[in-house]
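**Q** next comes the sequence, and after it the predicted model I'd like to discuss.
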Amino acid sequence: MLLTRIKGPRDLDRLSQEELVQLSAEIRSFLVDAVSKTGGHLGPNLGVVELTIALHRVFESPKDRILFDTGHQAYVHKLLTGRQDFAGLRTKGGLSGYPSRAESEHDVIENSHASTVLGWADGLAKANEVLGRADHHVAAVIGDGALTGGMAWEALNNIAAAKDRPLVIVVNDNERSYGPTIGGLANHLATLRTTDGYERFLARGKEILERTPVVGKPLFETLHGAKKGLKDFIAPQGMFEDLGLKYIGPIDGHDIEALESALQRAKRFSGPVIVHCLTQKGRGYTPALEHEADRFHAVGVIHPDTGLPVKTAAASWTSVFADEMVKIGHERPDVVGITAAMLHPVGLNKFAEAFPERIYDVGIAEQHGATSAAGLATGGVHPVFAVYATFLNRAFDQVLMDVALHKCGVTFVLDRAGVTGDDGASHNGMWDMSILQVVPGLRLAAPRDAEQLRAQLREAVEVKDAPTVVRFSKGVVGPAVPAVGRIGGMDVLREPAPEVTRPDVLLVSVGALAPMCLEIADLLDKQGISTTVVDPRWVKPVDEALAPLAERHRVVVTVEDNGRAGGVGSAVSQALRDAGVDVPLRDFGIPQRFLDHALRKEILAEIGLTAPAIARQVTGLVAKLDGRLDSEPAAAVD
């Protein structure tokens, strides 16, 4: 096999065009076989095989920087840079599903948040300029979807301002088909437009014509306009050239020879260039091509021959939300849905099918989505903006100043909240309950099970004068956790024995960690430690009944699937201080560090967010209060 002979990018230089075609086929076969066993981003990578090969043949990574927006399409890049063991893809100790600096010097951007690559490319190109590295190049790959993000256009505006700063922008356009008419003529014109000699000719012609009395300047403008009109008729580069960016394309993104020719021309040019490549997502794999929703953008473990899941998926948090949204939609004609290019992943596809006139896909534009939601609410409807928890970070200012300041009734539904695991640091939704604590008037719900998700979603859309947030985890929704009582707005999940006058521990359980908290209480009970377990349901604001309840206990413990800094534990602590309740509090949550990819349960064990680990520490705390810690060791908790 040719693939096993590729230990690094320069090994590609020795291959003929025929061998490169063979290598492309081998890579696709490898990807289907490997990703079907582990899950991952299959369709996007099948679509960029030839493009990635061409990039590594034209540019000299790592001296030249090859950057990938989002990074989910970097599997081929990994294969060509010496990383061909995909057995542990997206698992602890295995390859990351995104670029990773820890893995390779060829990787640069790890954030896996879309529309950022052009900002990175602009900075790296400027650094080359400042340090006099004329022989260093920057090539940034961005998808047509990511170009819907405002950050991309902010970067393009800056990139275009530097006419003589080299930078190659590769637009990976996988939403359009390509035909034979997009061939030699377009490439020929692109060659003419991106040669320094042609630019000098235009500049000289402009200088001469503008010195010509009366007709010179108008004639130049007329000829220039006609030239642009002719080019626009052949290829859709007008938008980019209006920004001052040279344009090459469209190029068949599966023709390595054509790709190399285009990239070489772009590399030689002394300014920013757009190379527009037409690719086919899922190419070479029939099940992906026949998957209308997203062409296998991301898959779980599947049968490689059929593309069907190996296991039938149980009900997920997302599916519970999806079904309840449709029910609410039938009852409430004023409820509309908003998604930022994530219709299926966040579960709004069913709502869109039922109410196509009431769904808005704003593209990868979370900031705009939040502000548009404020407008919708002001106009008399109730928007539900469903977004991954980690992506709401991008719209914080809009949540604060557009939605909350104006007291707009907007509901944000945060999917993938807490530790998500296999997608790595940037996808963990561990920030939302911290950053949203500072938003005046905002109310935040953390449902513990499917029943509570349905109930709290309905409670949220009833609020007309403030933003509401409903957050839930990734994956399978757990079993129902019934309440045994209610104190204020809080559900009581466990009470101590009736004869206990002052229980030892008040355990505040946040969201989906309720089963774990009940297990903690069981372990504490075995140590003779009495525990009350409550679920606040709405964690912001802190329920007024919590402080009086805490005062009747010896210790307060909070457990949350969020960063400890500024999270629910911090809010509860402040509420107790404000109420003058002097009870020790111990908060358990996610440490403020970027977590490596692994299974969710592995990460929770690593950071000590498990029932035995927490019970052990609480036992020690109670023992200290009893004065027993120095005289006798606390019993082991298993």
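**A** Now that the structure is in, tell me what you want to look at.

**Q** pLDDT of stretch 492-499, averaged?
**A** Predicted confidence along stretch 492-499 averages 94 (mean pLDDT).

**Q** just stretch 356-375 next, same as before
**A** Here the average pLDDT along stretch 356-375 is 96.

**Q** please apply the same query to stretch 387-395.
**A** For stretch 387-395, mean pLDDT is 95.

**Q** report the distance from stretch 25-32 to the chain centre.
**A** Going by CA atoms, centre = their mean, to the nearest Å, the spacing between the C-alpha centre of stretch 25-32 and its chain's C-alpha centre is 26 Å.

**Q** any buried residues in stretch 41-60, and which?
**A** Using 16 or more other CB atoms under 10 Å as the test for burial, stretch 41-60 gives 41-59. Using the backbone N, CA and C atoms, a C-beta is placed for each residue, glycine as well.

**Q** and whichever strand or helix holds Leu506, what does it pack onto?
**A** Counting by DSSP states H and E, the secondary-structure element that holds Leu506 is strand 505-509. Identification of packing neighbours for strand 505-509 by 3 or more CB pairs under 8 Å, 6 or more residues apart in numbering; DSSP states H and E yields helix 514-526, strand 531-535, helix 546-551, strand 555-563.

**Q** list the buried ones in the longest helix along the chain?
**A** Under DSSP state H, the helix in the chain containing the largest number of residues is helix 17-38. Neighbour-count burial for helix 17-38, with 16+ other CB under 10 Å as criterion, is recorded at 20-21, 23-24, 26-28, 30-32, 34-36, 38.

**Q** pLDDT of it, averaged?
**A** On average, helix 17-38 scores 96.

**Q** next one: the strand holding Leu506 to chain centre, how far?
**A** On the basis of CA atoms, centre = their mean, the separation between the geometric centre of strand 505-509 and that of its chain is 32 Å.

**Q** distance of Phe385 from Tyr360?
**A** According to CB to CB, to the nearest Å, Phe385 and Tyr360 sit 9 Å apart.

**Q** how about Ile256?
**A** Computed as CB to CB, the Ile256 to Tyr360 distance reads 39 Å.

**Q** over to Thr532?
**A** When CB to CB is applied, the distance between Thr532 and Tyr360 equals 44 Å.

**Q** Met1 too?
**A** Going from Met1 to Tyr360 by CB to CB gives 47 Å.

**Q** ok, those two, which is more surrounded?
**A** Tyr360 (17 against 10; other CB atoms under 10 Å).

**Q** doesn't that one fall inside a strand?
**A** Yes - secondary structure assignment places Tyr360 in a strand (DSSP: H, G, I helix; E, B strand; the rest coil).

**Q** quick check, it in contact with Ile338.
**A** Yes - contact status for Tyr360 versus Ile338: in contact at 5.0 Å, counting by CB atoms under 8 Å.

**Q** quick check: neighbours shared by these two?
**A** Overlap of the contact sets of Tyr360 and Ile338 (by CB atoms under 8 Å, 6 or more residues apart in numbering) consists of 369, 372.

**Q** tell me where the stretch 1-150 of the chain has strands.
**A** Taking DSSP state E, counting those that start in this stretch as the test, the strands found in the stretch 1-150 of the chain are 65-68, 138-143.

**Q** okay, the residue positioned nearest the centre of the chain and Glu50: tell me how far apart.
**A** When CA atoms, centre = their mean is applied to the chain, the residue found nearest the centroid is His113 (4.8 Å). His113 sits 26 Å away from Glu50, taking CB to CB as the criterion.

**Q** same thing with Asp107?
**A** In this structure, Asp107 and Glu50 are 21 Å apart, going by CB to CB.

**Q** over to Ser270?
**A** Taking CB to CB, one finds Ser270 at 27 Å from Glu50.

**Q** what does His276 give?
**A** Distance from His276 to Glu50, counting by CB to CB: 15 Å.

**Q** next one: Val500
**A** Counting by CB to CB, the gap from Val500 to Glu50 is 70 Å.

**Q** try Gly627
**A** Gly627 sits 72 Å away from Glu50 when distances are taken as CB to CB.

**Q** where along the stretch 51-200 of the chain do the helices fall?
**A** Ranges of helices in the stretch 51-200 of the chain, per DSSP state H, counting those that start in this stretch, are 75-80, 117-130, 150-161, 184-193, 196-211.

**Q** and if you look at the stretch 351-500 of the chain?
**A** Along the stretch 351-500 of the chain, the segments classed as helices by DSSP H, counting those that start in this stretch run 366-378, 389-392, 396-397, 432-435, 450-461.

**Q** so where is the stretch 201-350 of the chain shaky, pLDDT-wise?
**A** Scanning the stretch 201-350 of the chain for pLDDT under 70 picks out the ranges 201-239.

**Q** ok, 80 please
**A** For the stretch 201-350 of the chain, applying pLDDT under 80 flags the ranges 201-244, 313.

**Q** returning to that earlier point: kindly indicate which of the buried residues of helix 17-38 lies nearest Val168.
**A** In terms of CB to CB, no member of the buried residues of helix 17-38 lies closer to Val168 than Leu20, at 20.1 Å.

**Q** find the residue closest to that closest one in space, skipping its chain neighbours.
**A** Ile256 (5.0 Å; CB to CB, 6 or more residues apart in numbering).

**Q** pull stretch 595-609 out as CSV, backbone CA atoms only.
**A** The C-alpha atoms that make up stretch 595-609 are tabulated as CSV, following Å, rounded to 0.1, in the frame of the first residue of the first chain:
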residue,chain,number,x,y,z
LEU,A,595,-9.5,18.7,29.6
ASP,A,596,-8.0,16.2,27.1
HIS,A,597,-10.4,14.0,25.1
ALA,A,598,-11.6,10.8,26.7
LEU,A,599,-14.9,9.2,27.5
ARG,A,600,-17.0,11.3,29.8
LYS,A,601,-16.8,8.7,32.7
GLU,A,602,-13.0,8.7,32.3
ILE,A,603,-12.8,12.4,32.6
LEU,A,604,-15.1,12.5,35.6
ALA,A,605,-13.0,9.9,37.3
GLU,A,606,-9.8,11.9,36.5
ILE,A,607,-11.1,15.1,38.0
GLY,A,608,-12.6,13.4,41.0
LEU,A,609,-16.2,14.0,40.1
